[in-house]
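# Sequence and predicted structure are below.
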There are 4 protein chains.
Amino acid sequence: MEKKNVKPASGKLGVMCVGLGAVATTFITGVLMVRKGLSKPVGSMTQYDKIRVGKGENQKYLPYKEIVPIADLNDIVFGAWDVFPENAYQSAVHCEVLKEKDIESVKDELVRIVPMKAAFDRNFAKRLDGSNVKDAATRWDMVEQLREDIRRFKAENNCERIVVLWAASTEIYVPVCEEVHGTLAALEKAMKADDREHVAPSMCYAYAALAEGAPFIMGAPNTTVDIPAMWEMAEKTKMPIAGKDFKTGQTLVKSGFAPIIGTRCLGLSGWFSTNILGNRDGLVLDEPANFHTKEVSKLSTLESILEPEKQPDLYTDYYHKVRINYYPPRNDNKEGWDNIDIFGWMGYPMQIKINFLCRDSILAAPLCLDLVLLSDLAARAGRYGIQRFLSFFLKSPMHDYTQGEVPVNHLFQQYVMLKNAIREMGGYEADETID
Amino acid sequence: MEKKNVKPASGKLGVMCVGLGAVATTFITGVLMVRKGLSKPVGSMTQYDKIRVGKGENQKYLPYKEIVPIADLNDIVFGAWDVFPENAYQSAVHCEVLKEKDIESVKDELVRIVPMKAAFDRNFAKRLDGSNVKDAATRWDMVEQLREDIRRFKAENNCERIVVLWAASTEIYVPVCEEVHGTLAALEKAMKADDREHVAPSMCYAYAALAEGAPFIMGAPNTTVDIPAMWEMAEKTKMPIAGKDFKTGQTLVKSGFAPIIGTRCLGLSGWFSTNILGNRDGLVLDEPANFHTKEVSKLSTLESILEPEKQPDLYTDYYHKVRINYYPPRNDNKEGWDNIDIFGWMGYPMQIKINFLCRDSILAAPLCLDLVLLSDLAARAGRYGIQRFLSFFLKSPMHDYTQGEVPVNHLFQQYVMLKNAIREMGGYEADETID
Amino acid sequence: MEKKNVKPASGKLGVMCVGLGAVATTFITGVLMVRKGLSKPVGSMTQYDKIRVGKGENQKYLPYKEIVPIADLNDIVFGAWDVFPENAYQSAVHCEVLKEKDIESVKDELVRIVPMKAAFDRNFAKRLDGSNVKDAATRWDMVEQLREDIRRFKAENNCERIVVLWAASTEIYVPVCEEVHGTLAALEKAMKADDREHVAPSMCYAYAALAEGAPFIMGAPNTTVDIPAMWEMAEKTKMPIAGKDFKTGQTLVKSGFAPIIGTRCLGLSGWFSTNILGNRDGLVLDEPANFHTKEVSKLSTLESILEPEKQPDLYTDYYHKVRINYYPPRNDNKEGWDNIDIFGWMGYPMQIKINFLCRDSILAAPLCLDLVLLSDLAARAGRYGIQRFLSFFLKSPMHDYTQGEVPVNHLFQQYVMLKNAIREMGGYEADETID
Amino acid sequence: MEKKNVKPASGKLGVMCVGLGAVATTFITGVLMVRKGLSKPVGSMTQYDKIRVGKGENQKYLPYKEIVPIADLNDIVFGAWDVFPENAYQSAVHCEVLKEKDIESVKDELVRIVPMKAAFDRNFAKRLDGSNVKDAATRWDMVEQLREDIRRFKAENNCERIVVLWAASTEIYVPVCEEVHGTLAALEKAMKADDREHVAPSMCYAYAALAEGAPFIMGAPNTTVDIPAMWEMAEKTKMPIAGKDFKTGQTLVKSGFAPIIGTRCLGLSGWFSTNILGNRDGLVLDEPANFHTKEVSKLSTLESILEPEKQPDLYTDYYHKVRINYYPPRNDNKEGWDNIDIFGWMGYPMQIKINFLCRDSILAAPLCLDLVLLSDLAARAGRYGIQRFLSFFLKSPMHDYTQGEVPVNHLFQQYVMLKNAIREMGGYEADETID
């Protein structure tokens, strides 16, 4: 077994979170507690999953760390930007996701994580209003300030490597504009010309990260890295990019449940999904312009799993509707309700209803950890650009749509892709197919 | 592509159903309507599924029929045994599963399907009572009469081949008894000695089928073919056997949903499943001795999907409970309610509730068709004994427990096994692994 | 027992439905079948309910008909207006609410119910488009034509009395405008001036009915009769008016369930209601302007049941949200999902979820019958203007808001009001209080 | 307003709980916190409800305390018996119903509540096993020891009055045996003869309480006070008795929801109720003999609400089934799932599903408080024997079945009965009827 081409995971790894709200503080608190042996990183593939390597007599099941060099949790240093000046301890208490006794157990470390001023533009999130924001003349100036933040953080914390993770809100819908987003040159020009319509703040973070040699992960459904300009930038800097939109509650279930229907050749006449949630994410999504970004991301899930062109009798004209409702009594305890209208033998109808009482940040936190560690791994393995093997973790997986690529949304096919990438980086033979 | 070793599907195929109730009549009516172009066989893999064959540039997606020689629906002739003398038309109307206009559309053919007298012993199903039963001196006599039935049916209908399908009730729990069930010789001896405790009527059907060169399929959770004696008989007669228990509503969902949890490394603390149903099956299962047979079958599903030995932090000591409740207002419209208690990051709990308003016979009918056609295929391909590739269709898949084999319950691994068998029989390369 | 003041229910009663869609045809088909002894009018208070009259030793339980003179079903003659020219038979088949064999059983009578041209203005229901509409120069002209329709129908069918029932769509939200809706004179002036913004077509129907001496019932949440001008008209013509919005699925449950919470002094932190439905009503409500009318109606339900001023610890600041989603796979089979966040002892939270798989028209039909028969009764009893005793049947019960009256939404208080009115009209003593 | 006949609530009130588990400790902790202004007694009628007194112009809404003299929370002293020796603090922590910070806030007082040895017989609760039990030669000896406990507690705590509240487990089903339970003399004789089959330990508590001049409340479904012998004892000692079975989760909903169906004249074809719970109560009820006691109690709820004799078309032959399942992952967080099959206009079917994520002890605690305070009030008002006005709080309300009395299960009729009793004791006119 040779792990050629994969550099070791030595030295400190700086994890810089855009947004220090419920998701980021749950992620950080968990990692700090796990390091002290006070908690378990349940839900994390890099910490728990064991995959088969080898075949026939040689097959064995190994955790990822025994196959590829993954950064140790003890080597992680956390940083953050946020529009609110609260430190990670204050924010964690404020978010009410975790029990106080959990937060208190790592209070000293959390207190020291104080957010840098955020690159923010209220036009992209009208319902948010914070004071801890950068004063930037242009989008290009935003980029420069963020790059400076990254360099300073890296130096001060003696980091070998940095990963930048977007764990902030959904911005308003920014459609891909060929003229601005089509090439790196065009994007840079627009940034310098301070084109505030087409250049979202999130793009400044992504650009800055890549420019500083750091992988960038988009955890919200923002367009950010889903444009040719960013792909070009990633190629130029030899850095991985991943996105978009953490696959947490309802879509996780959907991408796992739709394959049951499809695999058994049952028909689908409709799928109605509604969600109630009361955290900051819910507040932002209550704004139609922001919801639209999310809706596009969530609706795409079924398309590549239940294919009308392959099974016209079964999947033509099903009605798919997704709703999100801001409902403060729930806080971070998101609740999904799905109604699925299927039909079976002779076309007779049946119904399935799924009620998921989940917790947004509890589901997102292990995704943060895995995306960070695997993006860092990919960078060390020389894999750059779109990381399709990370589709498993994402609601709306990146793919080169300019080449007609289709995303893979089927949870178990995504899993094969994930395993194959780990196998390959570990010097093992990958499966040739995913279905 | 060479399909060596697989004989063609020429001539008539006799499908003899044990039980002419809701499941069998729904299956039969559907096939008859599909033949006339009046309905669609939704849910049937042999009629709808397309699988990849070949790899890389050579890969293509083909329906099963283009890979292997599967019997044509037009070549099927139906027969049945039942404790009630109603013909298939009367029974279908009586069961109230299908709309009258569907049943009427093939009335002529249904009326001609009149059940032969059943081999029945009321001690195995106390809540059932029918008049159309054989008068048999011993279990061996039962076998002889059933063999005679099969031979006559085959001759009268000019069939090339026969498949016998159990679509009747759950018998009381018959634990495997090494002395009686351990060898074929012992079983035959017990039949001749009329050992009514250890030899269930279903065993007589299975034995008779195999003796007459017909594959046997056990659609209920009965022990029947799950004993070494039957494996020996199947080997001796070179016939396939398949079982047990059609994977219809709740367990279908369970075997598809548990992999979502397991694949994402989420923890499980409990899974509670309850069911309400009001058909004859529900009535029989209201008897504790019969329910126990079902319970054993349904409880086994999770065991091989969420493995404590592989993930002790996640799957040790989860509480799994299954209940079935006879509830006449529902008739055949079974309803499942599952409550799943999971835990995620840092052990925080979440809940998933699945409410499945399904229809027992609508879900079972395509399984009948597939199991019949694929067992017949297997026989022509020279595959005999336990057919593990049919696990996909079954709640409690057969496996040679005397050799320490474990069943595969994971829906998507079962699907890989199914596809691989089709590929192999079709002369294509199968995947080497299922995970 | 003297029933003084109540005229007998002799002669034919003409029931003229505005809208001949799912609700009206289900109502009509049911009545026709009941008349023939082919079906039961389940859900109808006038046909089933028995109430106590008398007290102590003299108390007894009587059906309404034995207390007051209610029109006989055999004396009803049906008429209708609709934007589509389909007759009642065609429309019933088209709506797919009822089984074909039910519709066929009264086909002859249904075929003869052909809708008159509707008074329609597409600005009030953008998603609807029909050809069977009146050509009216002004709103006043609309009124004149409708009056002519009523007179002709009454004469042709030899009716003693007429009731006009709105069983059509929700119009866009028409806020009460003091200048136009404040007095009868102002309203008539606006009609003549063809003020199409403030005078909805539904107002023309109501005005025409009252002018012709017929009670008017508003089954949708339209403003129509909820304005002082109409109250004046009702007083002038001595006719009853009733409205608004049939209390069918979700709100029926809400107005019955909220009292459980309130009666037990449990606290409420939030109530989220969502609905999926696929009939014409759902289509119209998918338009935000029309949904708003419905939302206002549905949101008001809780206000007078759970009162913050009476129980500030329990009902201050609960979050109430109502959503309706057009979802075609369901057709008329509306489905409601309510999530109720309550709190108990020491403020500890609990959740209740109610999933109602109902049928819009099946629930509305008996309300149509009762509202028609009881409005006719009220007219004969000399009760005119707002009929508060009919609140029981309505989502957003009429009340004189100009006098600070509050609506009664509590189902069981509404029921006491209904019973008391029946008792009084029957010459019995009513209860003095409703709580 | 004269409150003649009601003695004032002066001096200390001793509340002696049988069982110091989840319900009792939640009740006690809440009262202690409320006294300190640290919590709110949500769900308690005596602390929150306001009822109308007077009629017409004189009507006003008053809290109970302003109508009748109710004991002040500050005057309550708590005592308990339990089979486990843990004090109230230890038990509260152990039960995991309340947050630790709530329990800690009144730790000092809780620690001082140490249970006396219980009168226990394991044959009545096989799944329980505790060491803190009395050594009693006969049932009569049990009674004597309990009376001594009560006298000592009363004296030591300087109490004016005592109420004994059963907050312990469900015993096995004890059918009423005319010979033993028919008269007080017979019961006393059986106690002295140590008839352990017919005299449940709970009967010893009840007898002892009454003998010592204390009202007795049965919070479980045990037969205890539901026998003529105890009614005779209550009459003899002029003490109130109340029972049986706290109306908490599912039955609360049922007794409130069934009236919605009944009031609207909708038909019922079936009602299926299942429950999962994991506390000590659930463990005990997992034993069939104990479950049977509960089942009888829970099944009776619908009978007097939906009456077939009054509405044969609507309520004849509905199928009612109740299941309880022990499911440890839930602990005290009981979850109910109800499926209700109704039918409407023309017999068309609809379904309602109610999922109640409740907390057993949180719902029971305010009932404990109200039953204690109102039983004490009744005693001071000279009301003795069966207290029908407390039916509101109970699943299976006591009634004199020997006289053909039927229980009132309809939540809103029970509420009228409760209000009327308060009005009467307060010197106000009560309503003459409850429907």
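Happy to help now that I have it.
# Spell out which parts of chain A neighbour chain C.
Taking CB under 8 Å from any CB of the partner chain as the criterion, chain A approaches chain C at residues A:269-270, A:272, A:274, A:276, A:318-319, A:321, A:323, A:325, A:327-330, A:335, A:337, A:339, A:341, A:353, A:355. Yep, even glycine has a C-beta here, placed from its N, CA and C like the rest.
# one more time with 6 Å, if that's ok
For chain A, the residues in contact with chain C (CB under 6 Å from any CB of the partner chain) are A:269-270, A:272, A:274, A:276, A:319, A:327-329, A:337, A:341.
# Give me the nearest residue to residue A:352, chain neighbours excluded.
residue A:340 (4.3 Å; CB to CB, 6 or more residues apart in numbering or on different chains).
# so how far is residue A:267 from that neighbour?
Summarising the geometry, the distance separating residue A:340 from residue A:267, computed by CB to CB, to the nearest Å, is 11 Å.
# circling back to that earlier point, and the next element down the chain from whichever strand or helix holds the residue nearest to residue A:352?
When secondary structure is defined using DSSP states H and E, the element that contains residue A:340 is strand A:335-343. Moving toward the C-terminus from strand A:335-343, the first helix or strand encountered (DSSP H and E) is strand A:349-357.
# Mind telling me which residue of the stretch 51-200 of chain A is nearest chain C?
The nearest approach of the stretch 51-200 of chain A to chain C comes at residue A:96, 12.7 Å away (CB to the nearest CB).
# Distance check, that residue against residue A:83.
19 Å.
# The two: which is more packed in?
For residue A:96 against residue A:83, the residue with the higher neighbour count under other CB atoms under 10 Å in any protein chain shown is residue A:83, and the figures read 23 against 13.
# So the more buried one sits against residue A:127, correct?
No - counting by CB atoms under 6 Å, residue A:83 sits too far from residue A:127 to count as a contact (11.8 Å).
# Count residues in the vicinity of residue A:403, would you?
The burial count assigned to residue A:403 is 6, neighbours taken as other CB under 10 Å.
# Over to residue A:16: give its phi and psi.
Phi and psi for residue A:16, reported as degrees, to the nearest 10, are phi -110, psi 120.
# Where does residue A:190 sit: helix, strand or coil?
helix (DSSP: H, G, I helix; E, B strand; the rest coil).
# Surely it and residue A:180 touch.
Yes - between residue A:190 and residue A:180 a contact is recorded at 4.7 Å, counting by CB under 6 Å.
# Can you get me the start-to-end distance on stretch A:73-84?
Counting by CA to CA, to the nearest Å, you get 27 Å between the two ends of stretch A:73-84.
# Flag every buried residue along it.
Applying a neighbour-count criterion of 16 or more other CB atoms under 10 Å in any protein chain shown, the buried positions in stretch A:73-84 are A:73, A:75-84.
# is any part of it close to chain B?
No - between stretch A:73-84 and chain B, judged by CB under 6 Å from any CB, nothing touches; the nearest distance is 13.4 Å.
# before we move on, the earlier item: mutual contacts of residue A:190 and residue A:180, please.
residue A:198 (CB atoms under 6 Å, 6 or more residues apart in numbering or on different chains).
# out of everything not next to it in sequence, what's closest to whichever residue of the stretch 101-250 of chain A sits closest to chain C?
Closest approach between the stretch 101-250 of chain A and chain C, counting by CB to the nearest CB: residue A:250, at 13.9 Å. Using CB to CB, 6+ apart and skipping residues adjacent in sequence, the residue nearest residue A:250 is residue A:336, 3.7 Å away.
# same question, residue A:215
Using CB to CB, 6+ apart, the nearest residue to residue A:215 is residue A:375, at 3.9 Å.
# part of a strand, is the one you found?
No - counting by three-state DSSP, one finds residue A:375 to be helix, located in no strand.
# Got the confidence number for it?
Residue A:375 is assigned a predicted lDDT (pLDDT) of 97.
# which residues does it contact?
By CB under 6 Å, 6+ apart, the contact list for residue A:375 reads A:163, A:215, A:217, A:240, A:242.
# now the last one: how far from chain D?
Okay, so that is residue A:242. 35 Å (CB to the nearest CB, to the nearest Å).
# Assign a three-state SS to that residue, would you?
Assigned state for residue A:242: strand (three-state reduction, three-state DSSP).
# ok, now the first one?
What three-state DSSP gives for residue A:163 is strand.
# Provide a list of residues in contact with it.
For residue A:163, the set of contacting residues under the criterion of CB under 6 Å, 6+ apart consists of A:15, A:214-215, A:372, A:375-376.
# one more time with 7 Å, if that's ok
Listed by CB atoms under 7 Å, 6 or more residues apart in numbering or on different chains, the contact partners of residue A:163 are A:13, A:15, A:214-215, A:217, A:372, A:375-376.
# ok, now the second one?
Residues in contact with residue A:215, defined by CB under 7 Å, 6+ apart, are A:163, A:239-241, A:375-376, A:378-379.
# Now for those: which two are most distant?
Based on CB to CB, the longest span within the contacts of residue A:215 runs between A:241 and A:376 and measures 12.9 Å.
# Low-confidence ranges, chain A, go.
Residue ranges of chain A with pLDDT under 70: A:1-4, A:432-435.
# Please identify the nearest residue in space to the residue located most distally from the centre of it, excluding sequence neighbours.
Within chain A, the residue lying farthest from the chain centre (CA atoms, centre = their mean) is residue A:346, at 41.0 Å. Nearest-residue entry for residue A:346: residue B:39, 4.5 Å, with adjacent residues in sequence omitted and distances by CB to CB, 6+ apart.
# what about that neighbour, which SS state?
coil.
# how near is residue A:77 to chain D?
Using CB to the nearest CB, one obtains 33 Å as the distance from residue A:77 to chain D.
# Who are the contact partners of the residue in the stretch 101-250 of chain A that chain B sits nearest to?
Shortest the stretch 101-250 of chain A-to-chain B distance, computed as CB to the nearest CB: residue-wise this is residue A:102, at 6.7 Å. Contact partners of residue A:102, counting by CB under 7 Å, 6+ apart, are A:29, A:33, B:346.
# Spell out, range by range, the strands that occur in the stretch 151-300 of chain A.
A:159-166, A:216-218, A:240-243, A:267-277 (DSSP state E, counting those that start in this stretch).
# can I get these in TSV with distance to residue C:54?
Rendered in TSV, the data for the strands of the stretch 151-300 of chain A read as follows (distance: least, CB to CB, whole Å):
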stretch	distance to residue C:54
strand A:159-166	73
strand A:216-218	74
strand A:240-243	74
strand A:267-277	49
